[in-house]
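In: Sequence and computational prediction follow.
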Number of protein chains: 2
Amino acid sequence: MTRCFAVIMAGGSGTRFWPASRAAHPKQFLALGGANESLLQAAVRRLEPLVAPEDVLVVTSERHAGETRSQLPQLPAANVLAEPTGRNTAPCVGWAAAHVRRRDPDAVMAVLPADPHITDEAAYVDTLKRAIDAAASGAIVTVGVQPTRPETGYGYVQRGPAVGGGVHRVARFVEKPNRETAEEFLKSGDFFWNSGMFFFKASVVLDEMRKQLPSLADFFERCDAAALCGQEQEQALVQAEYATLTSISIDHGVMEKAENILMVPGDFGWYDIGSWTSAWELAARDAQGNAVLGEAVVLDSRNCYVRGGAEKLIALIGVEDLVVVDTGDALLIMPRERAQDVRDVVAELKASRRDRYL
Amino acid sequence: MTRCFAVIMAGGSGTRFWPASRAAHPKQFLALGGANESLLQAAVRRLEPLVAPEDVLVVTSERHAGETRSQLPQLPAANVLAEPTGRNTAPCVGWAAAHVRRRDPDAVMAVLPADPHITDEAAYVDTLKRAIDAAASGAIVTVGVQPTRPETGYGYVQRGPAVGGGVHRVARFVEKPNRETAEEFLKSGDFFWNSGMFFFKASVVLDEMRKQLPSLADFFERCDAAALCGQEQEQALVQAEYATLTSISIDHGVMEKAENILMVPGDFGWYDIGSWTSAWELAARDAQGNAVLGEAVVLDSRNCYVRGGAEKLIALIGVEDLVVVDTGDALLIMPRERAQDVRDVVAELKASRRDRYL
C-alpha cells in the first residue's frame, strides 16, 4: 500500500463543552466518545492500521502544542506543528503538506479533523484505504458520509458518476442547506455529509495552491528553505509571518475550484459531537437512561448526563433530562435540550471578565 | 434583672442538610439562616442582651466540642460541655444544671436548642426576659410559639389561665397531632408550638430530677464532688459513666410530671429549619426567586437554591425549583420538593460504606 501520512487538524475551541472545555483545554482533549481516551487520542489510535506514528502530524495552536504532545507520547515531538495564530484550514493544510513533501514527495496525506467520533472503526479504516488508494493516483479525494437524517448543520457533497472501486466523481460541494433541501438531499440518496476529510499527495495540493493561492505557496517554499537550516529556523519564519497569511478554508480556497475531485462514500457511524446532548447520546447509559461518569448516587432520576471528577460524589434525586458537568472549579446544570445555550454562559463569563473560568 | 445562664443544646446530626452537614459537621455549625453566621453562633449572639458570654454553656458531643469552641471563641473553653455519648436531653440538662448551680445557686438557667432561626430578635429577647423573670420566682417556665399553620411536625403546649405579666399556666403538653387536630389547635387560639425552651433555677430542675429521676440526680451530685478536685476529675467520671445514664427527654422525664409549669406565649418568627426547602424559604432571593450563595451565572432559571463554595462557579441554564448544594467533595441536585429525600442519599452512602462522604 502507498505510504500515507496523516495530518490531524486539532485547532478547536469548543465553548459548547464548557466547563470541561476551556480556552486552555478545548474539545479535542476531552474524552467525549464514551471511552477513556480523548477525541484526539481516538483519532490517532484509529489510524494505527494505516499510518505509522512517525507519519502522523498534528497541527494545533501554539497554546495547545504542549498538551497535544503529552496526550500523544507515541508521536515525535516535531510532528506537532504549532500555529502562532489560527488562519483557517488552507494555511494549516499547506504547511503540513510542505512537511510531508519534504519527508516523502511521493506519499499521500490524509487530512482529518480531530473531533469526530466514529462508532464503526473497521468500516472507517476500509473507507480510508479506498480514499488513500484513489489519492495515490494523483487525485484529490474526499469522503462523503452516508446521511442518516436531514441535517442542516453540515455541508454536503453530491455524488457523481462511479469510477470503480467504490469511488465516485464529486458532482459538487453544497453549503449547509435549509430543512426542505436537506430532506430532498436525504431522499435523493446522492448527497453525503461533507466529512472535512481530504486525501491527496502533498505535491498535488501544493500545486493546486500554487495555482489558486500563490502567496501561500510562496510562503511554504520559504518554509522549505528555512527548514534546510533546521526546524527552529522554520518556526521563526512561521512565528514572524503566519499571522499575515490569507485566512481561508481548504474547501473554499482549493476544493471548490479544483478539477477532478473524487469521493468515497462511507458509512461508519460518524458523529460530530457538537454539544453535551450528543455526548449523552453517545455515552453508555443505564436502564434509566442515565450516563454517569464518576462517582454518583442517582435516585429516581432519568435520562441525565452526569460528568464528575475524581474524589467527588454527585447525588441526584428526582430529576430528569439534566446535564450536570462538574470540573472542580466550575459546575454546569441545565436541561439536555438547552445544551446550545452553554455559549451564553461562556459569553457572560467573558463579559464579566471571570477569565479563570474560561 | 436576675442573673441568667444559658444552656444551649447542640447535639444535632442533621442528615437532611447533606452534603453541607456531615457527621463531623452537623446542622448547628452551618449558616442556614441567610446571614454569614452558623445557627449556633446566631443562637449565642441573640442572647447578648440577656446573658454574659461567660454564663453561656453549650452541651454538645465530644466529637463536636472542638468546632463548637472554635465557632464560639468568646466563650471560656470550659463552658463547652462534651458528652461522650448522647443520652437524650434530661442528662444533658441535668449535667448543665449541676454546673450552673455550682457557679451561682440562685441563678436562672435558660435551656435553648441551637437550631431554630429567629427573624424578630427583639421580640425574642422580650419573650425570654419575661420567661427568665417568671423562672426567678422558682417556677418552671416554657415558651409557646404562636402557631402560623396547622403544623403536624411539632409538639404543642396548651395555654392555661393567665397569671399576669404575659405569663400563663400550662394546661398540658400535647404530642405531635394529626392534621385534623392541628387545625383545631390553630382555630382555638389556645395551643402553641412547643419551642423546646425551658427556664428554671438550676436547683429547681435538679430538685425535680431528685424526685422523678433519682439515679440521674445521684450522678450529678457525684459530678459535683468530682468537680471539687477539678474539671478533669469530673470529665473522667462523665467519660466512665455517661453511657449508663437513663436516656430520656427533659419533656417526658421531668416536665410531664412537674407541677405548676408556666408558659410565656411568644411570636418572634421562629423557624425550625428542617430541610433545604426551608433554607430556601429563609434565604435572600432575587427577582426570579433564586437564592444564590457563592459565585454563579444563572440564566433563565427560577426559584432555585444554589449553595456553592469559595473559588467555584456554578452555572444554571433553564432550570426551576432546583436545590444545588456543592461542598467541593460532594454535590447534591434535586427539586426543592424532594428535600426530605436527602436522607435516602445518606442511607445509600452508609449502606455502600462511602464513609468519607458522610
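Out: Sure, I can see it.
In: tell me which element the spatially closest residue to residue A:139 that is not a sequence neighbour is part of?
Out: Computed as CB to CB, 6 or more residues apart in numbering or on different chains, the closest residue to residue A:139 that is not its neighbour in sequence is residue A:262, at 4.9 Å. For the C-beta atoms, the positions are set from N, CA and C on the backbone; glycine is no exception. Assigned by DSSP states H and E, residue A:262 falls within strand A:261-266.
In: can you tell me which strand in chain A is longest?
Out: strand A:191-201 (DSSP state E).
In: If you count contacts, what does that one end up packed against?
Out: Packed against strand A:191-201 by the contact rule (3 or more CB pairs under 8 Å, 6 or more residues apart in numbering or on different chains; DSSP states H and E) you find strand A:108-113, helix A:121-136, strand A:140-145, strand A:156-164, strand A:261-266.
In: ok so, going back, tell me which helix or strand comes right after the strand holding residue A:262, heading toward the C-terminus.
Out: Next along from strand A:261-266, by DSSP H and E: strand A:270-271.
In: which residues sit against that next one?
Out: Strand A:270-271 has contacts (CB atoms under 8 Å, 6 or more residues apart in numbering or on different chains) with A:116-119, A:124, A:145, A:193, A:195, A:278, A:281-282.
In: partners of it, with directions?
Out: strand A:117-118 (antiparallel) (DSSP bridges).
In: quick revisit: tell me the angle of the longest strand of chain A relative to strand A:156-164?
Out: In terms of direction (axes from the mean of the first three to the mean of the last three CA atoms, to 10 degrees), strand A:191-201 departs from strand A:156-164 by 60 degrees.
In: buried residues in strand A:191-201?
Out: Within strand A:191-201, the residues scored as buried using 16 or more other CB atoms under 10 Å in any protein chain shown are A:191-201.
In: as a whole number, average confidence for that strand?
Out: Average pLDDT, strand A:191-201: 96.
In: May I have the strands that pair with it, each with its orientation?
Out: In the sheet, strand A:191-201 lines up against strand A:108-113 (antiparallel), strand A:140-145 (antiparallel), strand A:156-164 (antiparallel) (DSSP bridges).
In: any chance of those strands in JSON lines, with mean pLDDT too?
Out: Listed next are these as JSON lines, based on pLDDT from 0 to 100:
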{"stretch": "strand A:108-113", "mean pLDDT": "97"}
{"stretch": "strand A:140-145", "mean pLDDT": "97"}
{"stretch": "strand A:156-164", "mean pLDDT": "95"}
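In: I'd like the ones you listed laid out as a markdown table, including distance to residue B:161 and mean neighbour count.
Out: Shown next, in a markdown table, are those (distance: least, CB to CB, whole Å; neighbours: other CB atoms under 10 Å in any protein chain shown):
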| stretch | distance to residue B:161 | mean neighbour count |
| --- | --- | --- |
| strand A:108-113 | 86 | 25 |
| strand A:140-145 | 88 | 24 |
| strand A:156-164 | 90 | 16 |
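In: Please tabulate these in JSON lines, including the columns distance to residue A:218.
Out: JSON lines is the format used below for these (distance: least, CB to CB, whole Å):
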{"stretch": "strand A:108-113", "distance to residue A:218": "20"}
{"stretch": "strand A:140-145", "distance to residue A:218": "21"}
{"stretch": "strand A:156-164", "distance to residue A:218": "30"}
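In: so which of those strands gets nearest residue B:98?
Out: With distances scored as CB to CB, the stretch of those nearest to residue B:98 is strand A:108-113 (77.5 Å).
In: Put the alpha carbons of the helix or strand hosting residue A:91 into PDB.
Out: Assigned by DSSP H and E, residue A:91 belongs to helix A:89-103. The C-alpha coordinates for helix A:89-103 follow below in PDB (Å, rounded to 0.1, in the frame of the first residue of the first chain):
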ATOM      1  CA  THR A  89      -7.600  25.500   7.300                       C
ATOM      2  CA  ALA A  90      -5.800  26.300   4.000                       C
ATOM      3  CA  PRO A  91      -2.600  27.600   5.600                       C
ATOM      4  CA  CYS A  92      -2.800  24.700   8.100                       C
ATOM      5  CA  VAL A  93      -3.100  22.100   5.400                       C
ATOM      6  CA  GLY A  94      -0.500  23.700   3.100                       C
ATOM      7  CA  TRP A  95       2.100  24.000   5.900                       C
ATOM      8  CA  ALA A  96       1.600  20.300   6.800                       C
ATOM      9  CA  ALA A  97       1.800  19.400   3.100                       C
ATOM     10  CA  ALA A  98       5.200  21.100   2.900                       C
ATOM     11  CA  HIS A  99       6.400  19.000   5.800                       C
ATOM     12  CA  VAL A 100       5.100  15.800   4.200                       C
ATOM     13  CA  ARG A 101       6.600  16.600   0.800                       C
ATOM     14  CA  ARG A 102      10.000  17.100   2.400                       C
ATOM     15  CA  ARG A 103       9.800  13.700   4.100                       C
END
